[in-house]
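Colleague: Kindly return the folded structure for what I paste below:
(2 chains)
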Amino acid sequence: MMTTAYEPVGTSRRHTSEPRWQPERPDLDRSARHLVIVHGTDAVAVASATAWKAEAEQHGIAATLVGDDPPSIEAALAAATAATRLMAAGDECVLAAATSAAERAGWSRSEVRTQLTHPAGPRPVQCVHCRTITATTAQIDEQCSCGGCGVPLLIFAHYSRRIGAYLGFRADAEELPA
Amino acid sequence: MTAAHLTCTVEAIGMPAEDVRTLRLVPRPGIELPAYAPGSHIEVQCGERRNAYSLIGDPRLPDAYEISVLRCADGDGGSRFLHDEVSIGAELEISTPRSAFAPPARAARHLLVGGGIGVTPFLSYGRAFARSGVAFELHHVHRAGASPHAGLAELGAGEIVTHAGRAAFLDALPALLDRAPVGTHLSVCGPPSMIDDVLGAARAAGWPEHRLHSERFVGVDPPAGTPFTARIASTGEAVSVASGTSLLDALLDAGVRVPHLCRQGVCGECRVGVRSGTPEHHDLHLSETERAAGTVMMACVSRCASGVLELEL
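Modeller: Next up is the predicted model:
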């Protein structure tokens, strides 16, 4: 198997679609009437979710805490109204699950605020062959094994906001027998 | 920017509501009418006046342009001309369609509010949404005692609700705003005070600004203001603008060609670039960002806060 890191040719990483998640805790949008708060399990994420909920309630904004599993996120977003905003704190997998579900449900990016609480945490990679999304701590240009079909995936410097994952494709495709 | 002009014949006339006349305009033989974005309008030469009217038909492959004209007894005479002096077979000079109120493309759902004749842009929205399968509800607010616009009955899609009187509608509005799912965009057209009421209620209900859209048919009266000087950047010519004269009229009187239409700060046609000096904005067209930048202004109603304006003309 080839293990050489992929060397991008002719493109700059600064011009890719990689999201620029920020570690700072964003403020609430106080014009909201409802909040959906998605959070991961690390201490910083839990602290942010708790702080947002407390601040929301102080301002008469109803807040719903949602864990980080995609079905709960999608159910909470589907029930949201035009006066709802989304806050998300967690690792990249949590933020990707929350923001991509919002994107698919018609939310605008300005209605969503995020905080990356665990920069060294896992990132989501979608296998272009079987469509499974795998959480991995491997970096862009490195490889991981697809959790769905087991092929070795090269993690490419492209992120889909709609799917909520980096693009992964079979690293050794050119080495396979015809 | 200037639209092409067409000569059309009035093929049919309808009365979809009290004091409202619908004209169906067909082109001369062999001429194909351009398709248009939902919410587009055409200008119609109404005797001495030139008025803008929303197109109410199906925007895709139109074989006629249909407009719906409210008779304004105390208006400038354009609507009276179309009501009183135009009959089937008459020829009218019109512009090709202009799009100034297209539906927001990313909306998952539309909440549309049309007050009185302000329902007209939403009739073409409704036809386009019916074709594309986009979900919408259309609320038409009409005078108590008068009938709603008959064009609504032809849409055959969406949820159509009529409200007799503004008070009744404003009572129902908070519940509509609260239950609208995220992804909904609100568009409103009608009398200025109704637009203000509806947008104010939406903001109070927690709707974000980028989901709010409006089109005004009635603009502002140009304020008299203080005198100032407009300098034409290309020629260096100085044009004096007296109190009580609009910048647009002063420029036209001086022989400077400026495209214009509504003269009420609404349509955006007379947009002029500002190279230096501070404009004093009175229009309803520019965004807050454009207003603050001060590099563009509407010549029909806006004036000068710095004595001299240098214009990109």
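
Colleague: Can you get me a residue count around residue A:100?
Modeller: When neighbours are defined as other C-beta atoms under 10 Å in any protein chain shown, residue A:100 has 22 of them. To be clear about C-beta, it is placed using only N, CA and C from the backbone, and glycine gets the same treatment.

Colleague: quick one: contacts for it?
Modeller: Taking C-beta atoms under 8 Å, 6 or more residues apart in numbering or on different chains as the criterion, residue A:100 is in contact with A:160-165.

Colleague: and if you look at residue A:114?
Modeller: Residue A:114 neighbours (C-beta under 8 Å, 6+ apart): A:21-22, A:26, A:87-89, A:95, A:98-99.

Colleague: and if you look at residue B:155?
Modeller: By C-beta under 8 Å, 6+ apart, the contact set of residue B:155 is B:123, B:126-127, B:130, B:138.

Colleague: Just the buried ones among the contacts of residue A:114, please.
Modeller: Buried subset of those (neighbour count, 16 or more other C-beta atoms under 10 Å in any protein chain shown): A:21, A:87-89, A:95, A:98-99.

Colleague: returning to what we had before: chain A: which of the contacts of residue B:155 is nearest?
Modeller: For the contacts of residue B:155, the residue nearest chain A by C-beta to the nearest C-beta is residue B:138; the value is 16.8 Å.

Colleague: Next secondary structure element downstream of whichever helix or strand that closest one is part of?
Modeller: Here residue B:138 sits within strand B:135-142, counting by DSSP states H and E. Using DSSP H and E, the helix or strand that follows strand B:135-142 in sequence is strand B:159-164.

Colleague: Buried residues, that next one. List them.
Modeller: Judged by neighbour count using 16+ other C-beta under 10 Å, the buried positions of strand B:159-164 are B:160-163.

Colleague: Give me the nearest residue to residue A:24, chain neighbours excluded.
Modeller: Distances taken as C-beta to C-beta, 6 or more residues apart in numbering or on different chains put residue A:115 closest to residue A:24, at 6.7 Å, once the chain neighbours are dropped.

Colleague: quick one: contacts for the one you found?
Modeller: Counting by C-beta under 8 Å, 6+ apart, residue A:115 makes contact with A:21-26, A:44-45, A:48, A:88-90.

Colleague: The same query, at a cut-off of 10 Å, please.
Modeller: Contacts for residue A:115 were tallied using C-beta atoms under 10 Å, 6 or more residues apart in numbering or on different chains; they are A:21-26, A:39-40, A:44-45, A:48-49, A:52, A:87-90, A:94-95.

Colleague: Of the residues you listed, which belong to helices?
Modeller: Per DSSP state H, helices hold the following members of the contacts of residue A:115: A:44-45, A:48-49, A:52, A:94-95.

Colleague: Return the member of those nearest to residue A:147.
Modeller: Nearest to residue A:147 among those is residue A:94, at 17.1 Å by C-beta to C-beta.

Colleague: In chain A, what residue spans correspond to strands?
Modeller: Ranges of strands in chain A, per DSSP state E, are A:34-39, A:62-66, A:84-90, A:112-116, A:123-127, A:133-136, A:143-145, A:152-160, A:165-170.

Colleague: Deepest-packed of the ones you listed, please.
Modeller: For those, the largest average neighbour count (mean count of other C-beta atoms under 10 Å in any protein chain shown) is found in strand A:84-90, namely a mean of 28.

Colleague: Would you give the sheet partners of that one, along with the direction of each?
Modeller: Using DSSP bridges, strand A:84-90 pairs in its sheet with strand A:34-39 (parallel), strand A:112-116 (parallel).

Colleague: Can you lay out those strands as a markdown table showing distance to residue A:79?
Modeller: Compiled in a markdown table, these are given as follows (distance: least, C-beta to C-beta, whole Å):
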| stretch | distance to residue A:79 |
| --- | --- |
| strand A:34-39 | 9 |
| strand A:112-116 | 16 |
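
Colleague: To residue A:122, which of the ones you listed lies closest?
Modeller: Proximity to residue A:122, assessed across the strands paired with strand A:84-90 by C-beta to C-beta, is greatest for strand A:112-116 (12.0 Å).

Colleague: what's across from residue B:6 in the sheet?
Modeller: With DSSP bridges as the rule, residue B:6 is bridged to residue B:94.

Colleague: Tell me how far it lies from chain A.
Modeller: 38 Å (C-beta to the nearest C-beta, to the nearest Å).

Colleague: My guess is that residue contacts residue B:95. True?
Modeller: Yes. Using C-beta atoms under 10 Å, residue B:6 is in contact with residue B:95, at 7.4 Å.

Colleague: got the CA coordinates for the helix or strand bottoming out on mean pLDDT in chain A in CSV?
Modeller: Using mean pLDDT, DSSP states H and E, helix A:70-78 stands out as the lowest-scoring helix or strand of chain A, at a mean of 91. Extracted as CSV, the C-alpha positions of helix A:70-78 are listed here (Å, rounded to 0.1, in the frame of the first residue of the first chain):
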residue,chain,number,x,y,z
PRO,A,70,-27.8,13.0,14.4
PRO,A,71,-31.4,11.7,14.9
SER,A,72,-31.9,14.0,17.9
ILE,A,73,-30.3,16.9,16.1
GLU,A,74,-32.5,16.4,13.1
ALA,A,75,-35.7,16.0,15.1
ALA,A,76,-34.9,19.3,17.1
LEU,A,77,-34.2,21.2,13.9
ALA,A,78,-37.3,19.9,12.1
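
Colleague: That'll do, ta.
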